[in-house]
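K.L.:
fold the following, please.
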Amino acid sequence: MVKPQRGYTLGMWQRLPQDGNRYELLDGELIVTPSPLPVHQTLVARLTVALSSYVDAHALGRVWPGIDMFHGRRTVLEPDVAVGLGPHARRLRSWKELRGPALAVEVLSRSSRRYDRGKKRAVYLAHGCEYWIVDPGARLIERYLPGHAEPSIHHATIDWQPDPSVAALTIDLAALFAELQ
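P.N.:
This is a model prediction of the structure:
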């Protein structure tokens with residue numbers, strides 16, 4: 001496994017091994033996290049299905065788990081789930097073409113908690129992206145909106161309505177977190 005360090009560029013990041021670890025760049029800092037645990041991946045899968053069903057049913061765009069989001073030459077993030085809106089999102093050939101997702105979701109883990117709540121959150125919000133932090137331990141979602149100082153905390157349900165002409169998607173958090181250890 002490559003050790004985390006500073007001073008990385010996009011070119012260096014592109015040459016990293018495909019060894020099952022997640023490699024992200026955050027303002028030139030290489031962030032290395034191990035493969036996610038089953039609880040993490042179950043939540044990613046459930047959110048991807050819920051968001052995809054809604055986005056596809058209303059032809060709003062696309063939903064992807066684990067994409068590369070490029071923010072300049074020194075930042076590449078990989079949200080657990082990302083939603084791109086509009087016809088452009090449905091025709092992407094490369095992640096570099098993505099102008100920025102409308103929604104980025106990170107599921108907390110011990111190895112990512114500090115970055116997810118800190119620098120990564122700042123990057124997503126600076127690019128006008130709604131940002132959710134899913135906390136499996138507390139069984140809640142923190143929702144951050146660009147231009148808002150504090151998150152809203154959701155314990156029972158979370159509504160998402162990217163297009164006001166379409167009814168909101170409501171995700172039941174008891175069902176999302178059901179049968180997870």
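
K.L.:
next helix or strand past the longest helix belonging to the chain?
P.N.:
Across the chain, the longest stretch assigned as helix under DSSP state H is helix 38-57. Sequence order places strand 61-65 as the next helix or strand after helix 38-57, per DSSP states H and E.

K.L.:
what's the separation between Leu98 and His71?
P.N.:
11 Å (CB to CB, to the nearest Å). Glycine gets a C-beta too; all of them are placed from N, C-alpha and C.

K.L.:
can you check Glu29 too?
P.N.:
In terms of CB to CB, Glu29 sits 13 Å off from His71.

K.L.:
strand partners (parallel or antiparallel) of the worst-scoring helix or strand of the chain on mean pLDDT?
P.N.:
For the chain, counting by mean pLDDT, DSSP states H and E, strand 69-70 ranks last in confidence among helices and strands (a mean of 77). The strands that strand 69-70 pairs with in its sheet are strand 76-77 (antiparallel) (by DSSP bridges).

K.L.:
other residues contacting the helix or strand following the strand it pairs with?
P.N.:
With elements assigned by DSSP H and E, the helix or strand that comes after strand 76-77 is strand 81-85. For strand 81-85, the external contacting residues (CB atoms under 8 Å, 6 or more residues apart in numbering) are 44, 47-48, 51, 55, 60-67, 69, 92, 98-99, 101-105, 162-163.

K.L.:
mind listing what's buried along stretch 102-122?
P.N.:
102-109, 112, 115-117, 119-121 (16 or more other CB atoms under 10 Å).

K.L.:
just the endpoints, please. Distance across it?
P.N.:
Chord length of stretch 102-122, first to last residue, is 15 Å (CA to CA, to the nearest Å).

K.L.:
same check, this time on stretch 145-164
P.N.:
Span of stretch 145-164 from end to end, CA to CA: 16 Å.

K.L.:
for the least confident helix or strand of the chain, the distance to its chain's centre please.
P.N.:
In terms of CA atoms, centre = their mean, to the nearest Å, the centre of strand 69-70 is found 11 Å from the chain centre.
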